[in-house]
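J.: fold the stuff below for me.
(chains A, B, C and D, ligands or ions: 4)
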Protein chains: 2
Amino acid sequence: MTRMHKENNLSKNQQIIFDLIDRSPEPLKAYTILYNVQKKGINAPPQVYRALDKLVEIGKIHKIESKNAFVACKNSDCEISKATAFSICESCEVVDEISDVKLSKYLSSFNHKKGMKFKRFNLEFFGLCKKCK
Amino acid sequence: MTRMHKENNLSKNQQIIFDLIDRSPEPLKAYTILYNVQKKGINAPPQVYRALDKLVEIGKIHKIESKNAFVACKNSDCEISKATAFSICESCEVVDEISDVKLSKYLSSFNHKKGMKFKRFNLEFFGLCKKCK
DNA sequence: TTACATAGTGTTATATTATAACAATTCTAA
DNA sequence: TTAGAATTGTTATAATATAACACTATGTAA
Ligand SMILES: [Zn+2]
Ligand SMILES: [Zn+2]
Ligand SMILES: [Zn+2]
Ligand SMILES: [Zn+2]
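T.: Ligands and ions are numbered 1, 2, ... in the order given. Just a heads-up that it's a prediction; the model follows:
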């Protein structure tokens, strides 16, 4: 019936939810997303969480763990969510994805003394943004 | 009635919950903690969450954001949770607090291009531990 | 074309994580 | 000793996330 929107590999629900997150100036929570897509026929939490899971998996969005919220990846060379870093303003809650090659390389090559080889990291910085300080 | 256990500044509930977390080889979730302290008279979620909040605030424990779970700080010079880093095994779920002075200094002095000054960071590395790989 | 596998959808119910609100008690320091 | 701050106990509820199941759509290959 409804054709999938294949021009960019995303299914219908994935595309609706990605568009919403991508247009948002701030991280969106799952239930905020749900309320905002009900007019498009997405009615229940599992539909939202499934799309979110997939979008995270393919690197189109990232989860801000400390906020249980999601942002679109602004970082075209972000290697499928293997190395993410964010700055988070503790006052206005603005989140920016940090794309700093030196930082990314430094952390990607960091090896734990105890012999663990890392596949992935997530880094969250907190402070006050320019406006708020 | 019941005197507070002041030998180390922790209140009764805080001490009970800290002891449990400190003895655990793995991160503990809030409701796991609740089930395990009910025999000591802690009956309801707010009692657990209040103690956890306080213990995090004073740096005795840390929250592993990606797991919604808590570990005791193993890092005596950990500056009240201002700079935390963890290694997390994706197979056995073991978590280790990383205390690497160079890493800590590198990240603490990292400044975002957009003029944000950071007060705090949390870094989570994921991979397979020695045993699991 | 048909058949099969994989991925996505819609739906109901429920599990898990966390906080609001309020009354009472205990601790601290002046 | 007494007032403020911190902690406790309690009930209820909010917020976040998943289980389970029936069904539909899509891609691949015989
Ligand atoms: Zn990214
Ligand atoms: Zn701000
Ligand atoms: Zn620590
Ligand atoms: Zn392991």
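J.: quick one: distance of the helix or strand harbouring residue A:51 to the chain centre.
T.: Using DSSP states H and E, residue A:51 sits in helix A:45-57. Helix A:45-57 has its C-alpha centroid displaced from the chain centroid by 11 Å (C-alpha atoms, centre = their mean, to the nearest Å).
J.: do that helix and DNA strand C meet at all?
T.: Yes. Using C-beta under 7 Å from any atom of the strand, helix A:45-57 reaches DNA strand C at A:45, A:46, A:47, A:50, A:51, A:54. Placement of C-beta: from N, CA and C, glycine included.
J.: so what's the first one up against?
T.: Remark: with contacts taken as C-beta atoms under 8 Å, 6 or more residues apart in numbering or on different chains, residue A:45 is in contact with A:30, A:31, A:34.
J.: anything in stretch A:89-102 near chain B?
T.: Yes. Stretch A:89-102 reaches chain B (C-beta under 8 Å from any C-beta of the partner chain) through A:89, A:90, A:96, A:98, A:100.
J.: whoops, stretch A:68-81 was the one
T.: No. Taking C-beta under 8 Å from any C-beta as the criterion, stretch A:68-81 and chain B are apart, separated by no less than 9.1 Å.
J.: next helix or strand past the strand or helix carrying residue A:103?
T.: Assigned by DSSP H and E, residue A:103 belongs to helix A:101-108. Next in sequence after helix A:101-108, counting helices and strands by DSSP H and E, comes strand A:117-128.
J.: buried residues in that following strand?
T.: Buried residues in strand A:117-128, counting neighbours by 16 or more other C-beta atoms under 10 Å in any protein chain shown, are found at A:118, A:120, A:121, A:122, A:123, A:124, A:125, A:126, A:127.
J.: relative to helix A:101-108, how tilted is that strand?
T.: Using axes from the mean of the first three to the mean of the last three C-alpha atoms, to 10 degrees, the inter-axis angle of strand A:117-128 relative to helix A:101-108 is 130 degrees.
J.: hmm, strand A:117-128 touching ligand 2?
T.: No. Using C-beta under 5 Å from the ion, we find that strand A:117-128 stays clear of ligand 2, coming within 5.9 Å at best.
J.: could you see whether ligand 1 lies near that strand?
T.: No. For strand A:117-128, no contact with ligand 1 is found by C-beta under 5 Å from the ion; the gap never falls below 10.6 Å.
J.: go on, stretch A:39-59?
T.: No. Shown here: stretch A:39-59 not in contact with ligand 1 (C-beta under 5 Å from the ion), separated by at least 6.5 Å.
J.: buried residues in that stretch?
T.: A:42, A:47, A:48, A:51, A:52, A:54, A:55, A:56.
J.: for stretch A:57-69, same thing?
T.: A:60, A:61, A:62, A:63, A:64, A:65, A:66, A:67, A:69.
J.: the fourth one touches residue A:57, doesn't it?
T.: No. In terms of C-beta atoms under 8 Å, residue A:63 does not count as a neighbour of residue A:57; the distance is 11.0 Å.
J.: are the helix or strand hosting residue A:16 and DNA strand D in contact anywhere?
T.: In this structure, residue A:16 sits in helix A:12-23 according to DSSP H and E. No. Using C-beta under 7 Å from any atom of the strand, helix A:12-23 stays clear of DNA strand D, with a minimum separation of 8.3 Å.
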